[in-house]
Each structure stands twice: as C-alpha cells, then as structure tokens.
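Colleague: sequence first, predicted model second:
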Amino acid sequence: MKRLSGALLVVVCVAPFAVGCGVDAQDPNAPVGITLSETYITIANRSGSALAEGQIELVPSGVLAPYRLRLPRIESGANRDVQFDMFAGAGGSRFRRGVMRMKSVRVTATDMAGKTYKEEVPFN
C-alpha cells in the first residue's frame, strides 16, 4: 500500500436544514403562511381579511408545468390543510411526492378587499 505524501485536507460543508414534522421557511410576519409536512401543506391566513380566492402551485425543478389547486376560502386567522394528492398537473395527472423533484410552493391569494398576496417557499 502506498502512503500519501503531504497533508490530507478534508472539507466539511454544513448546510442548515430543518428536521421534524413541518418546515416553515418564510417570514413569520408574512400575510400568508405556508408550512410543509410529509403529506400536506398548511396555509395560514394572517392578512387580517378573509382570503376569497387564489391558487396553490407546486413548482417542479426544470421546465415542467406546475401542479395546481384552487385555494379554498380561508377566514382571517384560520389555517387550512391541503393534501398533496389533491394537486393536478397540466394533463390531469395527480402529484405523487416521491416521484418528482419539486423546487418550491407558490401561493397566490386575493382577499375580500381585492388585495393580492404572493408567497413562495422552497419545497424541502
């Protein structure tokens, strides 16, 4: 066995990540909160007015079209859980978590006063 001459340099990168039931990677004061879990997404309304309409998108890595779901009405201060298998792609195919690599979750919502909110968090 041949011995290496000189010093051997080992570089270790430590990236922060969250371990647990849910990941909330956004500003806690955002008007629309997004928390990811293993089987569902929780949307929290912190805007002060009911969210009347909107859309939730799971944006894949690459050039594919996002999986979409119409955002249900969420009253002020309320949370809504949305299961991943309710999202549909452009051709009508259902989203399956382990099959495709996702980049982010994007929520676009309009409140009762007509103000539009847009939030996006990384899909971990």
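Modeller: Good, I have the coordinates.
Colleague: where do the strands sit along the protein?
Modeller: Here the chain has its strands, by DSSP state E, at 32-36, 40-45, 51-60, 67-70, 79-83, 102-111, 116-122.
Colleague: out of those strands, flag the one nearest residue 94.
Modeller: strand 67-70 (8.3 Å; C-beta to C-beta). Placement of C-beta: from N, CA and C, glycine included.
Colleague: give me every residue that touches the closest residue to residue 52 other than its chain neighbours.
Modeller: In space, and not counting its chain neighbours, residue 52 is closest to residue 112: 5.5 Å by C-beta to C-beta, 6 or more residues apart in numbering. Neighbour list for residue 112: 49, 50, 52 [criterion: C-beta atoms under 8 Å, 6 or more residues apart in numbering].
Colleague: coming back round to it: wait, which of the strands of the chain is closest to residue 96?
Modeller: When the strands of the chain are compared by C-beta to C-beta, strand 67-70 sits nearest residue 96, at 9.9 Å.
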